[in-house]
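Novice: sequence plus predicted model, see below.
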Amino acid sequence: MTQKDEWLKVESLDMEAQGVARNSEGKVVFIDGALPGEEVLVEVGRRKNQWEQATMVAMRRESAQRVRPGCPHFGLHAGACGGCKMQHLHASSQVAIKQRVLEDNLAHLGKVKAERLLRPIEGPAWGYRFRARLSVRYVAKKGTVLVGFHERKSRYVADMKQCEVLPRHVSNMLMPLRELIASMQQRDRLPQIELAIGDGITALVLRHLEPLSTGDAQKLRDFATVHQVQWWLQPKGPDTVHLLDDGGPVLGYRLPEFGVHMPFKPTDFTQVNHEINTVLVGRALRLLQAGKGERVIDWFCGLGNFTLPIATMAREVLGVEGSETLVERSRQNAKHNGLSERTSFEARNLFEITPDDLVAFGSADKWLVDPPREGAFALIKALADLRQNPRDGWTGPERIVYVSCNPATLARDAGLLVHVAGYRCVSAGAVNMFPHTAHVESMAVFERGEVPPPRELPQVEVSESLSEME
Ligand SMILES: C[S@@+](CC[C@H](N)C(=O)[O-])C[C@H]1O[C@@H](n2cnc3c(N)ncnc32)[C@H](O)[C@@H]1O
Ligand code: SF4
């Protein structure tokens, strides 16, 4: 390890919440735990041609935005929990930074500037995580069990006794869960507990590598009675998830603004932060402006989180999604809410969609697009192609609301929409779905405009851009 001491002024924060500074040679230095505006003495660890990785050893000027972390497991030290990266920064500054990351990505990767910035969507900074995947490890040497997130930059499970981003009742359950697993016969064959909270129900999915003994199953039941949880078991892949005991209340969440109730299975994709999701769906629908006579397509529709609210306003909505299981769930959910007549759903791999496929799906007045981290490149490329080479009877949507969990892929797709497909980026804004993490959720609105002269698709290597940021 090479070492070098130098006082540096931190200029910005990167996606991993590391302070970014330049040293006396003009090289970029990433500094763990340092905040913009701070002056810190660093010790250089990794040294590359373009950048250096350093740790902070002293500080002579502290940022006014620095706050005391709310969780004792947060930190830079070995063994600290890796679940949060920004607890040392005031929550409102975290949002401002995420908004800036969105704007920078749009500008640099997409060469796009939104005409208007949307006010960021914010919610409670603590107790917001309604879904979580907790690793379970039986530490034979110590005879103890750990249940929690991974340690920072490590595959070890953090010794978490509480967790401030989980709802209080789940945080309080962490130690009892450790005791429960430690008491079970199969304790070294239980690698994971997945948490999914619905309205009034806390579901826990126990992954077990061997069949559970009668005694172990009874221990789960006793725990459920005391802690008011619903146990699900997962013996193999996600399709094998089932209730420990049939009956009991149905896991689901409500979107009261639209009078919609969404039952789900604990391993289905659902948004992590229910409060933000409620606001997000409301805002997306207001921005979409779906009219009574309109047809809408909801791409990457999941279990119908946007599709069903849209169906309460539009003439017709088509939801398209890659997972057959989720397509089936969204059909059931449409039926459950009396919206079957206005909705239809189709399973399709949208990473392979072509212009012909798009024509076959038919024209729609509006699109909602909510892809995974990889973005919606094939879909937007097919749209751009059809805008450049029009087909009789098919028109692109007049308005697109794009909800994104990765600003780099949003920016790449926005570049295509604006510079090739002839859309205007009328607004964009960050959504703080995951406070204290570096995760940037956002939304952007596009309106159909003039098709620009034919041109090559811009070559944006998002994988590289992603790795730069990660
Ligand atoms: C960010 S989630 C959005 C789900 C839904 N809109 C919601 O709000 O709950 C992205 C969705 O894309 C789906 N997906 C992932 N890869 C896909 C693909 N290649 N083709 C189609 N859908 C895919 C996932 O199953 C997931 O439901
Ligand atoms: S994920 Fe939970 S335990 Fe880990 S640092 Fe964040 S609040 Fe603390």
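Specialist: All right, it came through fine. Ligands and ions are numbered 1, 2, ... in the order given.
Novice: you'd agree Lys113 is up against Cys425?
Specialist: Yes - with contacts counted by CB atoms under 8 Å, Lys113 reaches Cys425, the gap being 7.3 Å. The way it works is simple: take the backbone N, C-alpha and C, and place the C-beta from them, glycine included.
Novice: intersection of neighbour lists for those two?
Specialist: Counting by CB atoms under 8 Å, 6 or more residues apart in numbering, the residues touching both Lys113 and Cys425 are Leu106.
Novice: check whether stretch 251-264 comes near ligand 1.
Specialist: No - Stretch 251-264 is not in contact with ligand 1 by CB under 6 Å from any ligand atom; minimum separation 8.8 Å.
Novice: what is the neighbour count of the residue of the stretch 101-250 of the chain found nearest ligand 2?
Specialist: Scanning the stretch 101-250 of the chain for proximity to ligand 2 using CB to the nearest ligand atom identifies Cys163 as nearest, at 3.3 Å. Counted with other CB atoms under 10 Å, residues neighbouring Cys163 total 27.
Novice: what's around the closest residue to it other than its chain neighbours, how many residues?
Specialist: Closest residue to Cys163 apart from its sequence neighbours, by CB to CB, 6 or more residues apart in numbering: Ser171 at 4.9 Å. When neighbours are counted by other CB under 10 Å, Ser171 registers 19.
Novice: also Arg373?
Specialist: 12.
Novice: next: the one 10 residues further on.
Specialist: Using other CB under 10 Å, Leu383 is surrounded by 25 other residues.
Novice: doesn't it belong to a helix?
Specialist: Yes - per DSSP: H, G, I helix; E, B strand; the rest coil, Leu383 lies within a helix segment.
Novice: hang on, the earlier thing: report pLDDT for the residue of the stretch 101-250 of the chain closest to ligand 2.
Specialist: Per-residue pLDDT puts Cys163 at 98.
Novice: make sure it is indeed in a helix.
Specialist: No - under three-state DSSP, Cys163 sits outside any helix and is assigned coil.
Novice: ok, it - contacts?
Specialist: Residues in contact with Cys163 (CB under 8 Å, 6+ apart) are 71, 73, 81, 83, 148-149, 170-171, 174.
Novice: highest neighbour count among the residues you listed?
Specialist: Gly148 (27 neighbours).
Novice: can you tell me how far that one is from Arg116?
Specialist: 41 Å (CB to CB, to the nearest Å).
Novice: rewinding a little: and the residue of the stretch 101-250 of the chain closest to ligand 2, its phi and psi?
Specialist: Per-residue torsions, Cys163: phi -150, psi 120 (degrees, to the nearest 10).
Novice: coming back round to it: the contacts of Cys163 in helices, which ones?
Specialist: 170-171, 174 (DSSP state H).
Novice: ok, Trp299 - how many residues close by?
Specialist: For Trp299, the count of nearby residues is 24 (other CB under 10 Å).
Novice: brain fart, Glu16
Specialist: Neighbour number of Glu16 under other CB under 10 Å is 12.
Novice: my guess is it contacts Lys85, does it?
Specialist: Yes - with contact defined as CB under 8 Å, Glu16 counts as touching Lys85 (6.4 Å).
Novice: what do those two both touch?
Specialist: With CB under 8 Å, 6+ apart, Glu16 and Lys85 have common neighbours Ala438.
Novice: ok, of the contacts of Cys163, which one's closest to Asp188?
Specialist: Among the contacts of Cys163, Gly148 lies closest to Asp188 (CB to CB), at 16.9 Å.
Novice: alright, that wraps it up for me.
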